[in-house]
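> Fold the following.
(4 chains)
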Amino acid sequence: MIRLDNLSLSVSSFPMGPLCLTVGEGDFFVLMGPTGAGKTLLLEAIAGLVPVADGRIFIGARDVTRLPPERREVGIVYQDQSLFPHLTVRENIRYGLRFKNRTGPGTEALLDRLVEELRIGHLLERRPLHLSGGERQRVALVRALAVQPSLLLLDEPLSALDPAFREEMGGLLRRIRNSTGATFFMVTHDFTEALALGNRGAVMNRGRLEQVGEVRDIFLRPASPFVARFVGMKNLFRARFQGPHALVRNLRMRLPRPQGRESGKVAFRPEHVEIWPESARAPHPNLFSGTIAECLDHGFTCRLTVSVDSVRLTAHLPAREAHRMGLCAGRRVTVAVPPEAIHVI
Amino acid sequence: MIRLDNLSLSVSSFPMGPLCLTVGEGDFFVLMGPTGAGKTLLLEAIAGLVPVADGRIFIGARDVTRLPPERREVGIVYQDQSLFPHLTVRENIRYGLRFKNRTGPGTEALLDRLVEELRIGHLLERRPLHLSGGERQRVALVRALAVQPSLLLLDEPLSALDPAFREEMGGLLRRIRNSTGATFFMVTHDFTEALALGNRGAVMNRGRLEQVGEVRDIFLRPASPFVARFVGMKNLFRARFQGPHALVRNLRMRLPRPQGRESGKVAFRPEHVEIWPESARAPHPNLFSGTIAECLDHGFTCRLTVSVDSVRLTAHLPAREAHRMGLCAGRRVTVAVPPEAIHVI
Amino acid sequence: MRYKGPFHHLTLCCGGLVLAFILLPLWELMTSSPPAALARTLKDGEVVRAIRLSLLASGASAAIAFILGTPLAYLLARFDFRGKRWLEAIVDLPVVIPHPVVGIAVLGVAGRDHALGRILLQAGVRILGSVTGIIVVLTFVGLPFYINTVRDGFEAVSPRLENVSRSLGASMAETFLRITLPLSWRSVVAGLIMSSARAISEFGAVVIVAYHPMTAPVLIYERFEGYGLRYSQPVAVWLVGVCLVLFAALRALTLRQRKEE
Amino acid sequence: MRYKGPFHHLTLCCGGLVLAFILLPLWELMTSSPPAALARTLKDGEVVRAIRLSLLASGASAAIAFILGTPLAYLLARFDFRGKRWLEAIVDLPVVIPHPVVGIAVLGVAGRDHALGRILLQAGVRILGSVTGIIVVLTFVGLPFYINTVRDGFEAVSPRLENVSRSLGASMAETFLRITLPLSWRSVVAGLIMSSARAISEFGAVVIVAYHPMTAPVLIYERFEGYGLRYSQPVAVWLVGVCLVLFAALRALTLRQRKEE
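Have a look, this model is predicted:
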């Protein structure tokens, strides 16, 4: 659906290295990365709003590198929604129809369906100024979808919303994607959003793509320490390898398979670290005895830092479980790291 | 430590009703609320930066209502850090000393300790412009703490940071609070932050305090539907009461104790809802049979929507558990709501 | 109820002084002439003609600024290109050129000695001592005010709105007409008023290019030189009145704009 | 590599026209006088005295604007109060008053007919035909430019920085001196240059208050009236040169400011 072929941009002293990327038809693709990585810039380049320094952009089968934005058949929804403030909601969502020559009963039916599905029927005569953030976001979606783009670009669609609305809007995005069949390309700095919504994705850092692939795969098997940190792999250690074992300082961990290299990094997700009572025998080879250094309650989850010799391991476990075990700072516990959870970078 | 006595503010068409609030010495108090609730305004009123329309503000034993900010002995740390850009980090953190007449070896020792504890020693000669968000935040903290305020006001100290740094900075805040013994008053729009950091707190909505109390208590027993929604109590239903039971549409739920009223609202947290295989017998009285309508994977947790007759219940459970049970949309399951988890509003 | 320190009082004092410094002479001027003298002045054909000429010439210069300046203002607001800083500097240049020098510079290219001047003369366009000449110098001094005001207005329209409009199928020109212009019409009107006000108050450049036909400022100067302070004041009152109406319109516009934000 | 539509080309055309319209007369002026004439002009004592007077009087008016205007600019940037809109409007008022009218209005309060004028005369302060008078009208026309520039500069300093400074124990005056002023000194200098440039280019108001001693614009006018275009051009070149130096300094300052953002 999208193919970037050695694309480079140079906008106001921000060089964006040559990028290659393919997004399949019907994908919900998520471009992740920290603030300032260049995500929005890439999105605007795909829409034709930023000049291309070198390389090519294909959308569908067409080379659109030199096409103006109005001929790319690409919808865009910004974080700030960017509704036209001088038009009513109805005029906003019908804005694109005249240019795209979309008239007739088919278009009207689509519009009616979208208005109903996104529950904005009661807002049609109002001005954008007086709508709430969630309402504005839904209107912006309808406006973009009304012209039936084959590709919809979403720029951090959830991050301007209050946390309580985020989940609802996320669910809405998934439903809309399924009902329209359009390809979605979303930018976000929050990897949990990416995991909840996307099937494929990429992590961007300083204008380069660090990893491209299935979102679950990025989440479980990050390709670089940067990606590991970005997706919340709190346990990331330099290690020496000895056959099927890794040596982190003087902790000996069993790996899922032997490594050919001498040294590298091991990483595992905090939610895969298991905490057992001090005397318990867990069904794993990697058992360590440690002391809880810190115990932070985040409501549903409890985040533990456990000192094992000089290594600090981080574990997330359900708060219910933590309470049942009476975990608190200073308690001695047994930490288990299942070998299959350990990822070698 | 802080006492607000019928305080009202009126700044640019934002009326802030008369507020009463007491914050104890040494508290980590968290003022929560959605964007635009007036949280920052209240914080600035306590610091003396916003004119008071009516009422009194006490800090410690002093009535500071009419004192200028420089004589209130209150530190303030803003979301954007607000470091003085024309001064080096060292000049920034020493800025307050000359005015507060804090000189001598005691102050120097404190400063050295803070610089070390917050790991900004290597930044002292640099300008704020080139620091990262986390570094700036730490410098702002040292600057505020250097003059030994008895009260530190924090305006969304974590929300400008990338998600990966938030947890670290949160831990730092707790350690600093414990080592200085100062009272912390923090503003946030994220209730998970509040739960992780604060002991007492309040929820604000449109310039009014909806609930004041222990943070855990607000989290588990919200006083109003607004607070319930704000703290993520996704299950919130209108109910009729019949002795020890509540009737939600035609679902009959056992309550922890009989209600005197005829009708009201019941609420329970999604992480307290248990999901069992269809045939299982859970040790609870409130067992319902339903169909999974949606299953969203958020990495560590899995968010389920289960349709029980016409009622949609939301449940959060660890992703590991959800995978083990093979949950997906369309599966029939048994839902259990422990009576002690149900809160009546 | 907020504590007010000595610094606060210092700022208030300075505010009062500036207020008095600006208002006192103007108040004195507006109240200096008896109503009878003001009424008589209005019947003076020369005065009416001068004020009418001032209004017409300023209006014409604003119209030229609108046509030439609007696209340029959009260019400056939206695009980054090499030499943009220079272009901006050149647009601001007329503001700092001493007023009589503007007139002299314009006459420099309009005379028989200059190629452009000869072309103009052959086309029957006279600059020296003509309404055309007045409009040219008024446009010269008013143009920067128009362009800068309208550029600020265009800049205040989020480029994301234009981006969305184009992704919805509108071309650049359609986007400008349907989105940018409707959202910044206040700035355009404000720019027209600003450049008119600047033009109507111009004296130095006009007096070089055309002493006759007389614009209002030139007439005031002539009355002052010929008959003294007392006789120039009634004409000045009427001209200031016209300027204040323009100024009030400008303020009302910008005030409402701020409120809507 | 971006697609460029017809609308884009229209804006470029207009840009070129405006460029030519502004630059052509100025270029012609700057190249009109042979170097020998320019050198001779510099030896003309009258010219040198006029330019020096223009510079000194503008500098003095900028200094007055600094003293009176800085606290007021801070007041306007930081505080909301009833009548603030009116105060802002009054500060802007001198911009729209026709230039000769400014002179007439100032003379109106300075004469023997007015109480203030009598007080001034008794104190030995003469306005008509004096350097004092020139400075007064130049301050009148330059003040709005100073105040508005500096107010924008103060507004660009985040009030949160001042809030933090005060919570750290600094009073309002200390905060202003240690935080606000160091962070906005560029705007202050830019404001001084703006008001000087406006003052140095003034002619209409000065010529009413004081034909003698002659400022540079008045001298240029006199040469033009007395000897014609050719003889006024060399003086104009030198004055424009001075103005361009001021202007270049202003541009350099504001350019660096933008970069630092």
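> Which residues are in contact with the residue nearest the centre of chain A?
Centroid check for chain A by Cα atoms, centre = their mean gives residue A:194 as the closest residue, at 2.5 Å. The neighbourhood of residue A:194, defined by Cβ atoms under 8 Å, 6 or more residues apart in numbering or on different chains, consists of A:30, A:32, A:186, A:188, A:201, A:215. C-betas here are computed from N, CA, C, even on glycine.
> Distance of it relative to residue A:217?
According to Cβ to Cβ, to the nearest Å, residue A:194 and residue A:217 sit 12 Å apart.
> coming back round to it: now name the helix or strand holding the residue nearest to the centre of chain A.
helix A:191-197 (DSSP states H and E).
> Give me the mean pLDDT for that helix.
In this model, helix A:191-197 has an average pLDDT of 86.
> by contact count, what packs against the next helix or strand after it?
Counting by DSSP H and E, the next helix or strand C-terminal to helix A:191-197 is strand A:200-205. Packing partners of strand A:200-205 (3 or more Cβ pairs under 8 Å, 6 or more residues apart in numbering or on different chains; DSSP states H and E): strand A:28-32, strand A:208-214, helix A:215-220, helix A:225-230.
> Alongside chain D, which residues does chain A contribute?
A:48, A:51, A:52, A:53, A:65, A:66, A:67, A:68 (Cβ under 8 Å from any Cβ of the partner chain).
> Could you report the pLDDT at the third one?
When you say that, I think you mean residue A:52. For residue A:52, the predicted pLDDT is 89.
> For it, give the beta-bridge partners.
residue A:9 (DSSP bridges).
> Surely it touches residue A:7?
Yes: Residue A:52 lies in contact with residue A:7 (Cβ atoms under 8 Å); the separation is 6.6 Å.
> Can you read off the pLDDT for residue 209?
In the absence of a named chain, this looks at chain A. Looking at residue A:209, the pLDDT reads 93.
> Sorry, I should have been clearer: chain C.
Reported pLDDT for residue C:209: 94.
> For chain A, list the residue farthest from the centre, please.
residue A:279 (39.6 Å).
> residue contacts, that residue?
residue A:334.
> Report the contact partners of the spatially closest residue to residue A:233 that is not a sequence neighbour.
Counting by Cβ to Cβ, 6 or more residues apart in numbering or on different chains, residue A:233 lies nearest to residue A:267, which is 4.6 Å off, once chain neighbours are set aside. Shown in contact with residue A:267 (Cβ under 8 Å, 6+ apart): A:222, A:225, A:228, A:233, A:235, A:236, A:237, A:342, A:343, A:344, A:345.
> Please look at the last one and residue A:226 and confirm they touch.
It stands for residue A:345. No: between residue A:345 and residue A:226 there is no contact under Cβ under 8 Å: 10.1 Å.
> shared neighbours, those two?
With Cβ under 8 Å, 6+ apart as the test, residue A:345 and residue A:226 reach no residue in common.
> how about low-confidence regions in chain A?
A:12-14, A:163-164, A:282, A:299 (pLDDT under 70).
> near chain B, which residues of it?
Residues of chain A lying near chain B (Cβ under 8 Å from any Cβ): A:34-35, A:162-164, A:167, A:170-171, A:174, A:189-192, A:195-196, A:219, A:229-230, A:232, A:271, A:294, A:296-301, A:303, A:316, A:318-320.
> Could I have the PyMOL command that selects the buried members from these?
In PyMOL syntax, the buried subset of the residues of chain A next to chain B is picked out as below (16 or more other Cβ atoms under 10 Å in any protein chain shown):
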select buried, chain A and resi 34+162+164+167+170+171+174+189+190+191+192+195+196+219+229+230+232+271+294+296+297+298+299+300+301+303+316+318+319
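> Narrow the residues of chain A next to chain B to those in strands?
Judged by DSSP state E, strands contain the following of the residues of chain A next to chain B: A:294, A:296, A:297, A:301, A:303, A:316, A:318.
> Closest one to residue B:113 out of the residues you listed, please.
Using Cβ to Cβ, residue A:294 comes nearest to residue B:113 of those, at 20.0 Å.
> show me what contacts that closest one?
With Cβ under 8 Å, 6+ apart, residue A:294 has these contacts: A:303, A:304, A:305, A:329, B:171.
> Residue A:296 is in contact with the last one, correct?
Looking back up the chat, that one is residue B:171. Yes: applying Cβ under 8 Å as the test, residue B:171 and residue A:296 come out as touching, 6.8 Å apart.
> and residue A:264, what element?
Per DSSP H and E: strand A:263-268 holds residue A:264.
> An error on my part: the question was meant for residue A:314.
strand A:311-318.
> Let me know the secondary structure of residue 135.
Going with chain A. helix (DSSP: H, G, I helix; E, B strand; the rest coil).
> That one - nearest residue in space that isn't next to it in sequence?
Counting by Cβ to Cβ, 6+ apart, the residue nearest residue A:135 is residue A:123, at 6.1 Å.
> same question, residue A:308
residue A:290 (3.8 Å).
> Can you get me a residue count around that neighbour?
23 (other Cβ atoms under 10 Å in any protein chain shown).
> need the contact list for residue A:165.
Neighbours of residue A:165 in contact, by Cβ under 8 Å, 6+ apart: A:133, A:134.
> Distance check, it against chain D.
Taking Cβ to the nearest Cβ, to the nearest Å as the measure, residue A:165 falls 28 Å from chain D.
> And residue A:124, by the same measure?
31 Å.
> I'd assumed residue A:91 was in contact with that residue.
No: using Cβ under 8 Å, residue A:124 is not in contact with residue A:91, being 9.2 Å away.
> Of the ones in strands among the residues of chain A next to chain B, which is the nearest to chain D?
residue A:296 (28.4 Å; Cβ to the nearest Cβ).
> got the contact list for that closest one?
A:302, A:303, A:304, B:167, B:170, B:171, B:174, B:196 are the contacts of residue A:296 under Cβ under 8 Å, 6+ apart.
> Go ahead and confirm the first one touches residue A:326.
Meaning residue A:302. No: Residue A:302 is not in contact with residue A:326 according to Cβ under 8 Å; the separation is 11.6 Å.
> Looking at the two, which one has more neighbours?
The neighbour count for residue A:302 versus residue A:326, taken as other Cβ under 10 Å, is higher for residue A:302 (22 against 8).
> For chain C, see how far away that one is.
41 Å.
> helix, strand or coil for residue A:65?
Looking at residue A:65 with three-state DSSP, the answer is coil.
> which ones are touching it?
Here residue A:65 is in contact with A:52, A:55, A:56, A:57, D:1 (Cβ under 8 Å, 6+ apart).
> what's the spacing between it and chain C?
Residue A:65 is 16 Å from chain C, by Cβ to the nearest Cβ.
> now residue A:238
From residue A:238 over to chain C (counting by Cβ to the nearest Cβ), the distance is 44 Å.
> relative to strand B:311-318, how tilted is the strand holding residue A:314?
Using axes from the mean of the first three to the mean of the last three Cα atoms, to 10 degrees, the inter-axis angle of strand A:311-318 relative to strand B:311-318 is 160 degrees.
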